[in-house]
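A.B. asks: using only what follows, build the 3D model:
(2 chains)
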Amino acid sequence: MTHLKPINRKAHRVVDAVDPASDRKQDVVALQQNPTPQQPHYPLGCSLVFAPGWEADSNGGTAGLCQPVERDIFDCHIGCFWPAHVPDQLNHAPGWTAKCASAQKDWRKLDLVFPG
Amino acid sequence: MMTLAPREFHLFQAAGRDFLYLVPSAAVFALDAATSAVVRVVTERPRPVEAVLAAVVDRFDEAAARAAIAELLQVRAIGYEHQPEEAPPRLLPMMPFPLSTMVLNVTNQCNLACTYCYEYGEDKIVDTEHGRQSKFMTEQTARESVDFLLRESGDSRTAHLTFFGGETLLNFPVLKATIAYARRRAAEAGKTIDFSLTTNATLLRPDIIEFLAENAIGVTVSIDGPKELQNKFRVFHNGAGSYDVVAPKIKELLRVHRSRPIGARVTLTSETIDVTRIYRHLTEEIGFWEVGFAPVTTSPHQRYAIGERGFDRMLDQFNALAHDFLEHVVANRHHGFSNVKDTLEEIHKGVSKAYPCGAGLGLLGVSTDGDVAVCHRFAGSDAHKLGTVRDGIDRGAQAAFLADHHIADKTDCSRCWARPLCSGGCYHEAHVRYGTTRKPNLHYCEWIRGWTDTCLRVYGELAERNPSFLERFDRDEVTAEAVL
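C.D. replies: All right, here's what the predicted structure looks like:
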């Protein structure tokens, strides 16, 4: 930026976020990465929509976040509006997760669903 | 056709140039001649890009003008008329939010009878004379409160404990015992607790002052200024003024207690708006390090309530003192006008608030019997209760409070450029004025905008003339000493 001069801390962050010449590039980072970078970034494995469940697991902890990927599938099934990727548990496949008590251990038991 | 329109910002001048305060990001940018010209043309009325270029072409070449437009678009100071700015998402804080400050009302009794007092006057919320609450907090409740603070402070290494009243020192034995207990419990938990208190100074004795100094307790003294101003409202139960009692005790406190800077807290009323004189008296004659001013909280019909003209007068005086502050700081000299310093820090950090203060979030008040409230001003009020120190925070009530008070729902504020800093103002003030904490304080909007503009101009001046002063705010924990 040559015409606007950022003055306060927030203005510097705005410039970092929008100025293509900014040396702080946007990055892809894992949610567990600590500390989280103080700049715009895409958390890996997450939707860009802020929703509780992505930052904390169903117990309020961080052990079951949306990585590994099997957890991602399971969370999309119950907690999130992402219907295209998983069977519809409300109407057509209520028992889809019946054999999967723990997503991280039993995810292989999640099977395809065929319209019947 | 691509028509350019202004987005939300406040344009202000300082050090001979234009600055933009962007809303709601709270970013501050200095403009050069080209961006200034573009902003002014677009603010006059929305115009197509070519028309904006035509309007500034006599002063800047086309490439510079286009670059200025592009940068203003990037930071969203201006935008295309056909793409209205999206409202920022209404995000509620992640829970559990760590408690950082607990205000402990160790007593609801007072040896003064200040006529404007929100705790005893006509606008009181809780009946502290005949109500069910105990008049003094027991040591047991104070201990439970300390455990509550340490428990609810989450991963934070430091927690703040403020003793409050009534007159705090009426319950000095419990205060003293609580500090010892809190230090021990905090050490066990690997944390530190920072202590402070507010007092009317009438009960300061040499041994109390010694204790406060030895334990590095932060002290704020409620005092309204020179004798005739102090004695107008800050009186004993028999009506006698308190100045002659408190002045020598405060001087002794300031002489002995050097481990923390000591501040004065002044309540302004329609009859005592004399900011500069009060400031000079409290700093030069009494010796306070800092002085903070707040208009009295009252329903509008009280004779001491500050009316519209009073707010104008107060603003003029605040502006004069802010100018004084600026000249001192430019010359690297200390100035203790804490209102301006606090706002400068928020401007520097780019604070954009969803809530006016930390009440109900990182700050909670505790009543004498251990009820937890939104803040100390609501301590003991059942309607504003958020749990007890024994049972913990009522998460449901807290979530409901936060859901009910978000800036996104204050439609009166939605077009105001000062909302990143004000966010509707004090809950207690709103409760007293309008009967609900949910309403923004519309009676002082003009004052807030005027004062915020002043602070922005001081900020802009400092950014040009003494930026090293502002860099001090970049440290995480800024103490009063560190900021001159």
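A.B. asks: give me the low-pLDDT residue ranges for the chain?
C.D. replies: Let's take chain A. For chain A, the stretches with pLDDT under 70 are A:22-86, A:103, A:115-116.
A.B. asks: actually it's chain B I care about, not the one you picked
C.D. replies: Across chain B, residues meeting the criterion (pLDDT under 70) sit at B:1, B:122, B:476-484.
A.B. asks: name the residues of it found near chain A, please.
C.D. replies: By the rule Cβ under 8 Å from any Cβ of the partner chain, the part of chain B lying against chain A is B:19, B:22, B:25-32, B:34-35, B:64, B:67-68, B:71-72, B:74-75, B:89, B:91, B:94, B:347-350, B:352, B:459-460, B:463, B:474. For glycine as for every other residue, the C-beta is placed from the backbone atoms N, C-alpha and C.
A.B. asks: what about the residue in chain A that chain B sits nearest to, which helix or strand?
C.D. replies: In chain A, the residue that lies nearest chain B is residue A:10 (2.3 Å; Cβ to the nearest Cβ). Assigned by DSSP states H and E, residue A:10 belongs to helix A:9-18.
A.B. asks: number of residues surrounding residue B:453?
C.D. replies: Residue B:453 has 18 neighbours, counted by other Cβ atoms under 10 Å in any protein chain shown.
A.B. asks: which residues in the stretch 301-450 of chain B form helices?
C.D. replies: Secondary structure of the stretch 301-450 of chain B (DSSP state H, counting those that start in this stretch): helices at B:308-330, B:338-349, B:395-404, B:419-422, B:427-434, B:445-465.
A.B. asks: give me the contacts around the shortest one.
C.D. replies: Residues external to helix B:419-422 that are found in contact with it (Cβ atoms under 8 Å, 6 or more residues apart in numbering or on different chains): B:23-26, B:343, B:346-347, B:351-353, B:356, B:407, B:410, B:413, B:416, B:448, B:452.
A.B. asks: are any of those buried, and if so which?
C.D. replies: With burial judged by 16 or more other Cβ atoms under 10 Å in any protein chain shown, the buried subset of the contacts of helix B:419-422 is B:23-26, B:343, B:346-347, B:351-353, B:356, B:407, B:410, B:413, B:416, B:448, B:452.
A.B. asks: that older thread, and the helices of the stretch 301-450 of chain B, which is most packed in?
C.D. replies: Among those, the stretch with the highest mean neighbour count (mean count of other Cβ atoms under 10 Å in any protein chain shown) is helix B:419-422, at a mean of 24.
A.B. asks: got the CA coordinates for it in CSV?
C.D. replies: Taking Å, rounded to 0.1, in the frame of the first residue of the first chain, the C-alpha atoms of helix B:419-422 are listed here in CSV:
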residue,chain,number,x,y,z
ARG,B,419,-20.0,1.7,18.1
PRO,B,420,-16.7,-0.3,18.0
LEU,B,421,-15.7,1.5,21.2
CYS,B,422,-19.0,2.4,22.8
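A.B. asks: who's in contact with residue B:216?
C.D. replies: Neighbouring residues of residue B:216 by Cβ under 8 Å, 6+ apart: B:195, B:259, B:260.
A.B. asks: buried members of those residues into ChimeraX, please.
C.D. replies: The following ChimeraX line selects those of these that are buried, judged by 16+ other Cβ under 10 Å:
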select /B:195,260
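A.B. asks: nearest to chain A, of the contacts of residue B:216?
C.D. replies: Relative to chain A, and with distances defined as Cβ to the nearest Cβ, the nearest of the contacts of residue B:216 is residue B:260, at 27.0 Å.
A.B. asks: list the residues that contact the nearest residue to the closest one once chain neighbours are set aside.
C.D. replies: Leaving out its chain neighbours, the residue that sits closest to residue B:260 by Cβ to Cβ, 6 or more residues apart in numbering or on different chains is residue B:218, at 4.8 Å. When contacts are counted by Cβ under 8 Å, 6+ apart, residue B:218 touches B:194, B:195, B:196, B:197, B:260, B:262.
A.B. asks: the fifth one touches residue B:217, doesn't it?
C.D. replies: Pointing back at residue B:260 there. Yes. Under the criterion of Cβ atoms under 8 Å, residue B:260 makes contact with residue B:217 at 7.0 Å.
A.B. asks: tell me the domain boundaries of chain A?
C.D. replies: Structural domains annotated on chain A: A:9-43, A:45-111, as defined by automatic domain parsing.
A.B. asks: meant to ask about chain B, not that
C.D. replies: Domain assignment of chain B by automatic domain parsing yields the ranges B:3-80, B:101-396.
A.B. asks: buried sites along stretch B:278-294?
C.D. replies: Residues B:278-283, B:286, B:288-293 are the ones in stretch B:278-294 that count as buried (16+ other Cβ under 10 Å).
A.B. asks: taking these one by one, which sit in strands?
C.D. replies: Mapping these onto strands (DSSP state E) picks out B:290, B:291, B:292, B:293.
A.B. asks: nearest to residue B:242, of those residues?
C.D. replies: residue B:291 (17.7 Å; Cβ to Cβ).
A.B. asks: against chain A, how distant is the residue lying closest to residue B:319 once chain neighbours are set aside?
C.D. replies: Here the nearest residue to residue B:319 in space, its sequence neighbours aside, is residue B:454; by Cβ to Cβ, 6+ apart that works out to 5.2 Å. Per Cβ to the nearest Cβ, to the nearest Å, residue B:454 is found 16 Å from chain A.
A.B. asks: also residue B:109?
C.D. replies: Distance of residue B:109 to chain A, given as Cβ to the nearest Cβ: 41 Å.
A.B. asks: thought that residue was touching residue B:170?
C.D. replies: Yes. If you go by Cβ under 8 Å, residue B:109 and residue B:170 touch, sitting 5.7 Å apart.
A.B. asks: chain B contacts on chain A?
C.D. replies: A:1-11, A:13-15, A:18-19, A:50, A:52, A:55-56.
A.B. asks: and those, which of them are buried?
C.D. replies: Among these, the ones that count as buried by 16+ other Cβ under 10 Å are A:1, A:3-11, A:13-15, A:19.
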